[in-house]
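K.L.:
One predicted model, sequence on top.
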Amino acid sequence: MYELKTKETDSSVIEFIELVDSPKKREDAYRLLDIFTETTGFEAKMWGPSIIGFGKYHYKYDSGHEGDAPLVGFSPRKAKISLYFATGDTQRDELLKDFGKHTSGKSCVYINKIADINVDVLKALIDQSVRFLQERYPDK
């Protein structure tokens with residue numbers, strides 16, 4: 001059976017952020033921590049060794065694969081800061097048009113620093129992702 005690598009842990013979010021090498025990236029991580037906490041209303045939790053997640057949902061795919069994941073999150077990685085939003089949300093692309101300097105993948109949006117983005121659009125992306133996932137995967 002497939003074992004999920006990214007699970008919620010009891011590791012300290014603050015200790016993780018304190019280990020971020022770059023002082024500027026560490027500062028941005030604390031600012032993101034505040035923005036995500038304030039916007040979601042959820043307490044930050046570590047998911048795996050390097051993702052700071054907020055809230056959680058249980059998903060089950062048609063293939064039978066299922067598990068838990070954070071509703072939204074971020075990770076201050078060495079190269080860029082990864083922001084995690086819902087996949088499959090058609091409104092995400094529309095919001096990203098006004099987001100600022102970024103690149104994106106399937107579920108990640110990558111930024112260099114908070115100064116490059118529109119924080120109001122970030123809050124809208126967080127809200128939209130949480131709403132989308134809670135509607136798609138309601139608690140049973």
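P.N.:
Good, I have the coordinates.

K.L.:
got the phi/psi numbers for the spatially most central residue of the chain?
P.N.:
Among the residues of the chain, the one closest to the centroid is Gly73, at 1.8 Å (Cα atoms, centre = their mean). The phi/psi pair for Gly73 (degrees, to the nearest 10) reads phi -180, psi -180.

K.L.:
Next: Glu94.
P.N.:
Dihedral angles (degrees, to the nearest 10) for Glu94: phi -70, psi -40.

K.L.:
picking that back up, what's the nearest residue to the residue nearest to the centre of the chain if we skip its chain neighbours?
P.N.:
Spatial nearest neighbour of Gly73, excluding adjacent residues (Cβ to Cβ, 6 or more residues apart in numbering): Gly53 at 3.8 Å. C-beta: built from backbone N, CA, C; applies to glycine.

K.L.:
does the one you found sit in a helix or strand, and which one?
P.N.:
strand 51-54 (DSSP states H and E).

K.L.:
who does that strand touch, helix- and strand-wise?
P.N.:
Applying 3 or more Cβ pairs under 8 Å, 6 or more residues apart in numbering; DSSP states H and E, one finds that strand 51-54 contacts helix 13-18, helix 23-40, strand 44-47, strand 72-76, strand 81-84.

K.L.:
what does that strand rub up against?
P.N.:
The set of residues external to strand 51-54 that reach it, using Cβ atoms under 8 Å, 6 or more residues apart in numbering, is 6, 8, 13, 16-17, 29, 32-33, 36-37, 40, 42-47, 69-75, 82, 84, 130.

K.L.:
Repeat the analysis, applying 10 Å as the threshold.
P.N.:
6, 8-9, 13, 16-17, 29, 32-33, 36-37, 39-47, 68-77, 82, 84, 126, 129-130 (Cβ atoms under 10 Å, 6 or more residues apart in numbering).

K.L.:
PyMOL command to pick out the buried ones of these?
P.N.:
Applying 16 or more other Cβ atoms under 10 Å to the contacts of strand 51-54 leaves a buried subset, and the PyMOL line that selects it is:
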select buried, resi 6+13+16+17+29+32+33+36+39+40+42+44+45+46+47+69+70+71+72+73+74+75+76+82+84+126+129+130
